[in-house]
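In: Prediction below, plus the sequence it came from.
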Amino acid sequence: MPDAVKYILDANIFIEAKRRYYAFDLCPGFWKALLYHNSKGNLVSIDRVKKELLEGKDDLADWSKKTPDLFTSTDSASVISAYRAINQWAQNQGRFSDTAKSEFADDPDAWVIAYARANNVTVVTHERSARRSRKIKIPDVCDKFSVQCTNTFDMLQRLGVVFNWSVS
């Protein structure tokens, strides 16, 4: 049974799942679970993640085109305000390389965190904290802005998702 936590999915959740452990033909239940929990209001992703997925021109891009309800807009004033604060903080950090700052400003990651902050939802990502890194990592930014962050497997467990094996 799902808990009250709502989740926002980073692009790497979709990309890694498709490429590895939840490939469409290996574990269709994963993709069905995402759509089910989206329909119940438990999880979303954002328009900017969808744009990134569509650049792949593959079966993940095709799936993304068919699931418009999964991707929500980042055009609200609260999300834009949160994005500005997050990006300004990142740009003011001397430990990050200029390249990392530029990539972060252009990448959907900052928008994912901004959406989470503005809507009080948990970020789901495969990135791991790397406080000494010159690259900007989602969990470290989430920590700075008091945004909850977790991974795919914890989210699936909290939502009560179970995959069953069958003989085909």
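Out: Happy to help now that I have it.

In: so where do the helices sit in the chain?
Out: Using DSSP state H, the helices of the chain run over residues 11-19, 28-39, 47-54, 59-65, 77-91, 98-106, 108-119, 138-144, 152-159.

In: Highest mean neighbour count out of these?
Out: Counting by mean count of other CB atoms under 10 Å, helix 108-119 has the highest mean neighbour count of the helices of the chain, with a mean of 24. Quick note: C-beta positions are derived from backbone N, CA and C, even for glycine.

In: Which residues does that helix contact?
Out: 6, 8-11, 45-46, 48-49, 51-52, 72, 74, 76, 78-83, 85-87, 90, 104, 121-123, 125, 136, 138, 141-142, 145-148 (CB atoms under 8 Å, 6 or more residues apart in numbering).

In: Now do it against helix 98-106, angle only.
Out: 50 degrees (axes from the mean of the first three to the mean of the last three CA atoms, to 10 degrees).

In: Helix 108-119: how far from the chain's middle?
Out: 9 Å (CA atoms, centre = their mean, to the nearest Å).

In: and the closest residue to residue 16 other than its chain neighbours, what is it in contact with?
Out: Closest residue in space to residue 16, ignoring its immediate chain neighbours: residue 126 at 5.6 Å, by CB to CB, 6 or more residues apart in numbering. Applying CB under 8 Å, 6+ apart to residue 126 gives the contacts 10, 12-13, 16, 151-152.
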